[in-house]
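Chemist: Quick one: sequence and predicted model below, then my questions.
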Amino acid sequence: MSEAPGTMMAWTKVHDTEDGFELIEHPVPSPAPGEVLVKTASTSICGTDVHIWLWDEWSRDEVPLGTITGHETCGEVVALGEGVSSHKIGDQVAIECHLACWNCPRCDEGNAHICENGSIFGVHDNGAFAPYFTIPATNARHTPDGLDSVHGSIQDPLGNAIHTLTGGPVRGATIAIHGLGPIGLFAVNAAKAMGASKVIAIDWDNKYRMGLAEKLGADLVLGKGDNIIETILSETDGRGVDNTCEFSGSPVALANAIRSTRMGGYLNVLSVYGNSTPEVPMNDLVFRYLHLKGINGRKMWSTWDTMHDLLSSGAIDVDSIVTHRLGISEFQKGMELTRSGLCGKVVLDF
Ligand SMILES: NC(=O)c1ccc[n+]([C@@H]2O[C@H](COP(=O)([O-])OP(=O)(O)OC[C@H]3O[C@@H](n4cnc5c(N)ncnc54)[C@H](O)[C@@H]3O)[C@@H](O)[C@H]2O)c1
Ligand SMILES: [Zn+2]
Ligand SMILES: [Zn+2]
């Protein structure tokens, strides 16, 4: 059915060391029942990929050696597994990397992104730093008509940003975005597109990204030279913002976020912390009556629906946030660039 070759070269984590990737030969996988085979168009580099490249403690626990990683991806369906009627050959798809069982209490209540039996494509099993991959058809989301392929691979981090933002009010709301990595930048842009009344963007010392946030519509950009809490309070009539999103992974930012969200406001945290027990000004959180929410992945499928509406209307300036497009052969350069922070999103094209 497919015209895919028998073998392919794919970036594979093979050594128990920093970097530790090699471009090695694998068979092109065959789609199992319920799966599709996708020919990769673009795969973007996520902070998670850098953790795996660096081979930190988390990666050593989670990623089996020999795995082809890469999970932020899109492409064209080139073969169908038995029983797949939702897709046809030639369909353009973007991938939801959270693989769910669809048959546990979390899946039943509409929270398949935290499925009790879930796993992550390109982390726990082979992913998309490869020219072909297989994926359950359900996870291969049709992309809006006429969308540029690069806009496909960034739907995972854009979805993270939208899921975090929509943990609180957005239209007409004052919003603070802490941490201007690619996800924070998407959030700044999406918040403006979704009608926030004021968006305050905060990084520490990354001038490159602070400049991008300004270009993407932030009303005010703050950094380490500013009194962050006082400025946010004075910009919001002394109240604090309605909705704070934490994307930095810095305990300092988390404490600032708690102290500059309004009474009864919303604090949504997507970040992963190097130290998973940071000091938190707990009494401020309690007496400010904050709604604190941890965010993981994307809601399946309401986040995707919101994102596709925004992408179809042209409201998201993907081209400004994707600062670098490299060929897949420049995988190592892409990793170094992402690690340096002198970039927005880095996309690898096939
Ligand atoms: N929960 C999930 O499902 C999920 C998914 C993807 C990513 N993440 C996490 O989300 C976070 C954002 O990802 P990313 O790739 O955009 O991040 P990134 O690491 O590229 O960017 C973080 C930014 O925060 C800035 N920063 C550092 N200290 C700061 C401070 N005190 N105040 C404000 N900004 C500060 C840095 O300069 C940097 O620009 C990461 O922690 C990542 O691990 C979580
Ligand atoms: Zn990712
Ligand atoms: Zn489940």
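Modeler: The structure has been received and is ready for your questions. Ligands and ions are numbered 1, 2, ... in the order given.
Chemist: Quick check: closest non-adjacent residue to residue 122.
Modeler: Among residues not flanking residue 122 along the chain, residue 71 sits closest, at 3.2 Å (Cβ to Cβ, 6 or more residues apart in numbering). Glycine gets a C-beta too; all of them are placed from N, C-alpha and C.
Chemist: Can you get me a residue count around that neighbour?
Modeler: By other Cβ atoms under 10 Å, 24 other residues sit near residue 71.
Chemist: backbone phi and psi for it, please?
Modeler: The phi/psi pair for residue 71 (degrees, to the nearest 10) reads phi -130, psi -10.
Chemist: and the gap between it and ligand 2?
Modeler: 6 Å (Cβ to the ion, to the nearest Å).
Chemist: Let me know the pLDDT of residue 332.
Modeler: With respect to pLDDT, residue 332 has a value of 96.
Chemist: oh, I was asking about residue 221
Modeler: The model's pLDDT for residue 221 equals 98.
Chemist: Just to be sure, it is in a helix?
Modeler: No. Counting by DSSP: H, G, I helix; E, B strand; the rest coil, residue 221 falls outside a helix, being strand.
Chemist: does it really touch residue 201, like I thought?
Modeler: Yes. Using Cβ atoms under 8 Å, residue 221 is in contact with residue 201, at 4.9 Å.
Chemist: Which neighbours do the two have in common?
Modeler: 210, 213-214 (Cβ atoms under 8 Å, 6 or more residues apart in numbering).
Chemist: who's more crowded, residue 221 and residue 201?
Modeler: Comparing residue 221 with residue 201 by other Cβ under 10 Å, the one with more neighbours is residue 201, at 28 against 22.
Chemist: Phi first, then psi, for the more buried one.
Modeler: Dihedral angles (degrees, to the nearest 10) for residue 201: phi -110, psi 130.
Chemist: Residue 15: neighbour count?
Modeler: Count around residue 15 with other Cβ under 10 Å applied: 12.
Chemist: right, and the secondary structure at the residue lying closest to residue 58 once chain neighbours are set aside would be what?
Modeler: Closest residue to residue 58 apart from its sequence neighbours, by Cβ to Cβ, 6+ apart: residue 51 at 6.0 Å. Under three-state DSSP, the three-state class of residue 51 is helix.
Chemist: now residue 51: how far from residue 342?
Modeler: Distance, residue 51 to residue 342, by Cβ to Cβ, to the nearest Å: 19 Å.
Chemist: Tell me which of the two has more neighbours.
Modeler: Taking other Cβ under 10 Å, residue 51 and residue 342 do not tie; residue 51 has more neighbours (17 against 14).
Chemist: CA-only coordinates of the lowest-mean-pLDDT helix or strand in the chain, as CSV, when you get a sec.
Modeler: Lowest on mean pLDDT, DSSP states H and E among the helices and strands of the chain sits helix 149-153, with a mean of 89. Coordinates of the C-alpha atoms in helix 149-153 are reproduced here as CSV (Å, rounded to 0.1, in the frame of the first residue of the first chain):
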residue,chain,number,x,y,z
SER,A,149,4.2,22.4,7.0
VAL,A,150,6.4,24.2,9.5
HIS,A,151,3.2,25.3,11.3
GLY,A,152,2.4,21.6,11.8
SER,A,153,5.5,20.7,13.8
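Chemist: quick one: buried residues of that helix?
Modeler: Residues of helix 149-153 classed as buried by neighbour count (16 or more other Cβ atoms under 10 Å): 149-153.
Chemist: How about stretch 62-72?
Modeler: Quick answer for stretch 62-72 (16+ other Cβ under 10 Å): 63, 67-72.
Chemist: Pull the residues that contact that stretch.
Modeler: By Cβ under 8 Å, 6+ apart, the residues outside stretch 62-72 that reach it are 10-16, 26, 43-46, 48-49, 52, 95, 97, 120-130, 133, 153-157.
Chemist: Now with 7 Å, please.
Modeler: 10-14, 16, 26, 43-44, 46, 49, 52, 97, 120-130, 153-154, 156-157 (Cβ atoms under 7 Å, 6 or more residues apart in numbering).
Chemist: Mind jotting down where the helices sit in the stretch 51-200 of the chain?
Modeler: All helices of the stretch 51-200 of the chain, identified by DSSP state H, counting those that start in this stretch, fall at 57-62, 105-108, 149-153, 155-165, 182-193.
Chemist: what's the distance between the closest residue to ligand 3 within the stretch 151-300 of the chain and ligand 2?
Modeler: Nearest to ligand 3 in the stretch 151-300 of the chain, going by Cβ to the ion, is residue 300, at a distance of 10.6 Å. Residue 300 is 15 Å from ligand 2, where distance means Cβ to the ion.
Chemist: Please work out how many residues are found near that residue.
Modeler: Residue 300: 21 neighbours (other Cβ under 10 Å).
Chemist: Around ligand 2, pick out the residues from the chain.
Modeler: 46, 72, 156 (Cβ under 5 Å from the ion).
Chemist: again, only this time at 8 Å
Modeler: Applying Cβ under 8 Å from the ion, one finds that the chain approaches ligand 2 through 44, 46-49, 71-72, 97, 156-157, 160.
Chemist: Buried residues, stretch 9-19. List them.
Modeler: 10-13.
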